[in-house]
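Trainee: missing the sequence, but the structure's below:
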Ligand SMILES: Nc1ncnc2c1ncn2[C@@H]1O[C@H](COP(=O)(O)OP(=O)(O)OP(=O)(O)O)[C@@H](O)[C@H]1O
């Protein structure tokens, strides 16, 4: 019997899908047919729709994979319905950041990514949760959540927009105070890394592993403005490491307490919390992914 694949396409993700969602859908259909498989394709219509589509369809067939076609937001929405299930996640990374795909070394062009979907093997990776919200790449608070929120309100996507928003925010941004596991800290940013990067090859925790059952907690404390270019250079060249301003710790869980409900991000999606208590934990070996 032919293998069946379920594709969930986010027509609004990245910089190119929106211009050609039908073309991408046809290319996927043709490719799967040539490989002797069957493709069912859905387009998402808004935030959260990918999760609903997966939940509605997962038990309708024995899918060889359920494939997220988009960026980390789409991957997050599809993957959260696959945690602790046997059906593997496939990724056609056509978003703007593509952090999980980049960490996993997956191809970033449609043809090469489709080829990998058929030739790759299934690996079981860790996932994580922040106040029960699943994430697969990184989550956190501070500067990256602040920028993530501003970026989500921009009309254009991509690295150039992200950098421009980051640079503008950098000059006005005020560090935040939290308690991390009971210890008071003032931070520029606090990141919980399951995978090593935010996306766009911004490696906040270059040493992070998706297979170690641990989160890499990266704390960046306030630093002099001149240090910003050094930090950015290290971030994008995978050379961020412990320094006077940066520290790492491994943990299976963590508790953050804030004075005010903070803005957080999970896999780059901004979210204003309505609580001051943030619990983060790893879920070892909980997601099967085609790599
Ligand atoms: N039809 C749609 N119209 C508008 N937004 C959508 C639609 N379908 C899904 N979304 C939302 O689009 C958001 C962005 O998607 P996604 O993260 O995949 O793309 P991206 O931001 O370009 O990529 P990355 O996260 O890798 O930078 C997600 O929050 C998702 O829920």
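Mentor: That came through fine. If you're wondering where the values come from, they're calculated on a predicted model, not measured in any experiment.
Trainee: tell me, how many residues neighbour the one residue in the stretch 51-200 of the chain that gets nearest to the ligand?
Mentor: Across the stretch 51-200 of the chain, the shortest distance to the ligand (Cβ to the nearest ligand atom) belongs to residue 71, at 1.9 Å. Any C-beta I mention is one placed from the backbone N, CA and C, and that applies to glycine too. Residue 71: 29 surrounding residues under other Cβ atoms under 10 Å.
Trainee: check contacts around it.
Mentor: Applying Cβ atoms under 8 Å, 6 or more residues apart in numbering to residue 71 gives the contacts 10, 13-14, 93-98, 199, 268.
Trainee: and the ligand, which of the residues you listed contact it?
Mentor: 10, 13-14, 95-98, 199, 268 (Cβ under 6 Å from any ligand atom).
Trainee: which of those residues lies closest to residue 41?
Mentor: residue 10 (12.0 Å; Cβ to Cβ).
Trainee: surely that closest one meets residue 73?
Mentor: Yes: counting by Cβ atoms under 8 Å, residue 73 is a contact partner of residue 10 at 7.3 Å.
Trainee: now do the shared contacts for these two.
Mentor: Common neighbours of residue 10 and residue 73 (Cβ under 8 Å, 6+ apart) are residue 95.
Trainee: can you tell me which helices and strands the longest strand anywhere in the chain packs against?
Mentor: Assignment by DSSP state E gives strand 277-290 as the longest strand of the chain. Applying 3 or more Cβ pairs under 8 Å, 6 or more residues apart in numbering; DSSP states H and E, one finds that strand 277-290 makes contact with strand 89-93, strand 122-130, strand 215-220, strand 253-258.
Trainee: CSV please, covering those and showing distance to residue 237, mean pLDDT and mean neighbour count.
Mentor: Formatted as CSV, those follow (distance: least, Cβ to Cβ, whole Å; pLDDT from 0 to 100; neighbours: other Cβ atoms under 10 Å):
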stretch, distance to residue 237, mean pLDDT, mean neighbour count
strand 89-93, 21, 97, 28
strand 122-130, 25, 98, 20
strand 215-220, 16, 98, 23
strand 253-258, 27, 98, 17
